[in-house]
Each structure stands twice: as C-alpha cells, then as structure tokens.
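**Q** Sequence plus the predicted model coming up.
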Amino acid sequence: MTLKPIFDAIEKSAHRIRDAITNEDLCYSEQCNATGDMQLKLDIQSDLIIAEEFSKISAIKAIASEEKEEAEILHENGKYMIAYDPLDGSSLIDVNLSVGSIFGIYDGEFQAKKMLASVYVVYGPRLEMVTAYKGSVRHFIFRHGKFMEQETIKLKEKGKLNAPGGTQQHWPKHHKQMVDSLFNEGYRLRYSGGMVPDLHQILLKGGGLFSYPGTTDKPEGKLRKLFEVFPFAFVYETAGGKAIDNKGHRLLELPCDDPHETTPCFFGSKYEISKVKEAYGV
C-alpha cells in the first residue's frame, strides 16, 4: 500500500495552513492544549485542517495531535497511524519567523519501531516540504504552482551549527560545558526557538547539533516523542546522522506510553553526537 495519498494530503494541508498564516487572526484562544500551553487560534485551525484532509483517506486508522488530548479513530479498518504537530513554533508567527508542521507515519501502532515515514513542512519565505521514506530524505520547494524536488539531503560526518534549546539557567553543568566546547571549536549559534526551522537549517547546511536536554525545570525534556522527536529522529537517521537521548539510547528505540510523553533529545551529525555521548558519559 502506497503512502502517496498521505503525502498528497499533507501537501494540501500545507497550502491551506500557509494561507491561514498569511490571512487569519493570530490571537490566543481561551483554550489550552494537552500539555497546558495556551493555544493560538491558528494552532486550532491548523489542527482542524490536517484532520479534515486525513479524514478523507480510508487507509488512515487514527490520528494523534499535539492539540488533542487523545488519539482519534478515523477509519476502523485503516492501516496507518499518524501523529503530528500541526504548527510547531506558532509563537514565532507574530514576529514573522519560520514555523512548521511535523508528521510521523506509523504502521498500526504509535511506537517508534513502527515508523514508516516522516514529513515536515516549513512555512517561511518559501514553502518547503521534506520527506523521509524508503531510505532517502527528499527536499521539495513550492515554485510555479507545484512542489519541485531539489537535492536529496545527506548529512556530513561533522557540521558547523550549534542549536541549543532550553533555558540556560536550568541546564546541567555538563551540558553547558558540551555546548561551550562546540562554540570553542568554531561552531556558529543558530537557534530561533522553532524546532522545524532549526533542524531544517542543520540538515540543509550539512550538519551540526540540535539539543534539548533534560533541565532542572523539565527533567524529562520538553519535546514530545510522537509528534516531534520520533519524526525528526527518523529524518536524521535516514539522512546519515544520529539521534539519541541523554542516556545514549537511540530515540527510535524508546517506548512511548502516552501521546504527550516527552524526552531529552539530541539530533546531529555523527561527530556532534559523539561529543554528546562523551559529555554525558554514555
């Protein structure tokens, strides 16, 4: 069974969300999502757009979203489970920085070991889409009315960018030492506060490190496994990089017992991940 209808639905959603970003209200709603964050009206609208497009595909059994408390069954006889963050980094929209949507496509079960593909969309000066499927990471840019394929993305053994997430005052000492050591090697700081644009930049520039550690205020990290961590781990590993937690475990080997479960996470080229393992003693 092909995933093309799912990729097509994501593409349709991307156009509708981009139009909403351009034209709709950026105010906060009176609701909070499952993790207690205040929701922008645009978060809710993006979630509804994606759910509507996926509801048209009988092969999709269930969807789970950052904006929903629980997974939602679409078609009992469907095969695929899709977890998504409809609008990652939405708080950056009012200052006109890039944001994105993230999708993990699972085979019958919301577990990393069941991931078949992942997709993310970047809403910035250009509309871009990246897919990780069947051993390759493909990059598309919307031009002249259609998504046009660019180069296949491959990470180098070592990069030049350093994107450290989380509030520094809450970092473990060894984490700060590791981040500083990369800067001392000449790495450049690239951190917008949006997971999609920061990880996308590292991918397109050939390598580097994106880190979101366990901190004193969030010991289990902030980023959610199903919607954010697993999909990007799949992208990075498919592109030739690595993705681990603070204990050195592959992110794609971690269990997930709750749709909103979080984990410390590190994504990067092989060299940078080796530096993480050294700093964390794993």
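**A** The structure has been received and is ready for your questions. Since the model is a prediction, treat every value here as computed from it, not as a measurement.
**Q** all contacts plus neighbour counts: C-alpha atoms, from now on.
**A** OK.
**Q** quick one: contacts for the residue nearest to residue 10 when sequence neighbours are not counted?
**A** Distance criterion Cα to Cα, 6 or more residues apart in numbering; nearest residue to residue 10, sequence neighbours excluded, is residue 50 at 7.3 Å. Residue 50 sits next to 9, 10, 13, 86 when contact means Cα atoms under 8 Å, 6 or more residues apart in numbering.
**Q** measure the third one to residue 219 for me?
**A** To tie it back to what came earlier, the one meant is residue 13. The gap separating residue 13 from residue 219 is 34 Å, by Cα to Cα, to the nearest Å.
**Q** So for the two, which residue has more residues nearby?
**A** With neighbours defined as other Cα atoms under 10 Å, residue 13 and residue 219 compare such that residue 13 has more, 24 against 15.
**Q** Would you agree the more buried one falls within a strand?
**A** No - assignment of residue 13 by DSSP: H, G, I helix; E, B strand; the rest coil gives helix, placing it outside any strand.
**Q** So what does residue 129 look like in phi/psi?
**A** Torsion angles at residue 129 (phi, psi; degrees, to the nearest 10) stand at phi -140, psi 140.
**Q** meant to ask about residue 188
**A** In terms of degrees, to the nearest 10, the main-chain angles of residue 188 are phi -100, psi 140.
**Q** Tell me, how many residues neighbour it?
**A** Each residue near residue 188 was counted by other Cα under 10 Å, and the total is 15.
**Q** residue contacts, the residue nearest to it when sequence neighbours are not counted?
**A** Nearest residue to residue 188, sequence neighbours excluded (Cα to Cα, 6+ apart): residue 161, at 4.9 Å. When the contact criterion is Cα under 8 Å, 6+ apart, the partners of residue 161 are 187, 188, 189, 190, 202, 207, 208, 209.
**Q** what's the farthest-apart pair in those?
**A** 189 and 207 (12.8 Å; Cα to Cα).
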